[in-house]
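Enquirer: Generate a structure from the sequence data that follows.
(one chain, ligands or ions: 1)
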Amino acid sequence: MAELATGFDCRVCGRHHDALPLSFSVRAPAAALLIPADELDRRVVLSPEQCVIDGRSFFLRGRVVVPIAGLDEPFIWGVWAEIGPKDFLRTQSFWKVKGRERTPPYRGWLNTDLPLFGSTIHLEVRVRTQEVGRRPHFEVMSPEHPLGREQSAGITLERVQQIAERLLHSPPPSAI
Ligand SMILES: [Zn+2]
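Expert: Coordinates of the predicted model:
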């Protein structure tokens with residue numbers, strides 16, 4: 001996981017944390033977290049990159065990349081988006097095909113809630129396929145949404161620290 005080894009003085013717990021994380025990820029889409037544990041085996045197929053629920057809802061794990069002012073490395077939200085069945089099948093068909101990053105982008109809807117931004121569930125994104133072995137990039141379509149605004153304008157290190165303080169001490173479910 002990307003992080004800054006300088007750490008930071010935390011305003012929530014008052015201690016010094018040894019690393020400032022530059023990414024945050026969840027291991028499953030929000031829709032999968034709502035399914036009762038005893039139904040998971042029957043209804044959910046989950047891999048580190050993809051998730052299918054009830055054979056008819058399709059999700060991909062991807063990255064919302066947010067530039068950080070003054071730093072070469074961006075902040076990365078490792079989140080999930082629901083995509084349509086046709087796009088899912090198409091994505092499967094070129095999963096290991098060299099040059100797949102040249103395929104056109106398509107629509108998706110975030111399926112990870114980041115309460116830091118009000119709500120991000122069902123927020124529309126443009127899904128951009130990356131080269132084989134890399135997760136797709138999600139570009140938030142709404143420039144007015146706080147996450148969309150931060151993605152297009154970038155954030156400061158001070159904001160990265162705020163995010164870390166919030167997530168370290170009250171992480172959303174399924175954080176990894
Ligand atoms: Zn702390």
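Enquirer: quick one: T129 and T103 touch, right?
Expert: Yes: contact criterion Cβ atoms under 8 Å: T129 and T103 qualify, at 5.3 Å. Any C-beta I mention is one placed from the backbone N, CA and C, and that applies to glycine too.
Enquirer: and for these two, which residues touch both?
Expert: F94 (Cβ atoms under 8 Å, 6 or more residues apart in numbering).
Enquirer: So these two - more neighbours on which side?
Expert: Set T129 next to T103 and count neighbours by other Cβ atoms under 10 Å: T129 wins out with 24 against 14.
Enquirer: From G148, how far out is the more buried one?
Expert: In this view, T129 and G148 are 20 Å apart by Cβ to Cβ, to the nearest Å.
Enquirer: Please apply the same query to G108.
Expert: 14 Å.
Enquirer: Tell me where this structure has helices.
Expert: Assigned by DSSP state H, the chain shows helices spanning 30-33, 40-43, 85-93, 146-153, 157-169.
Enquirer: what's the most buried one of the ones you listed?
Expert: Among these, ranked by average contacts under mean count of other Cβ atoms under 10 Å, first place goes to helix 30-33 (a mean of 19).
Enquirer: now the residue nearest to the spatial centre of the chain, which residues is it bridged with?
Expert: For the chain, V79 is the residue whose C-alpha lies nearest the centre (Cα atoms, centre = their mean; 2.0 Å). Applying DSSP bridges to V79 yields these beta-bridge partners: G62.
Enquirer: Grab the nearest non-local neighbour of A81.
Expert: Nearest residue to A81 in three dimensions, chain neighbours excluded: G108, at 3.5 Å (Cβ to Cβ, 6 or more residues apart in numbering).
Enquirer: per-residue pLDDT, that neighbour?
Expert: Note on G108: pLDDT of 98.
Enquirer: I'd like to know how far the closest residue to S25 other than its chain neighbours sits from L147.
Expert: Among residues not flanking S25 along the chain, G78 sits closest, at 3.0 Å (Cβ to Cβ, 6+ apart). Distance, G78 to L147, by Cβ to Cβ: 14 Å.
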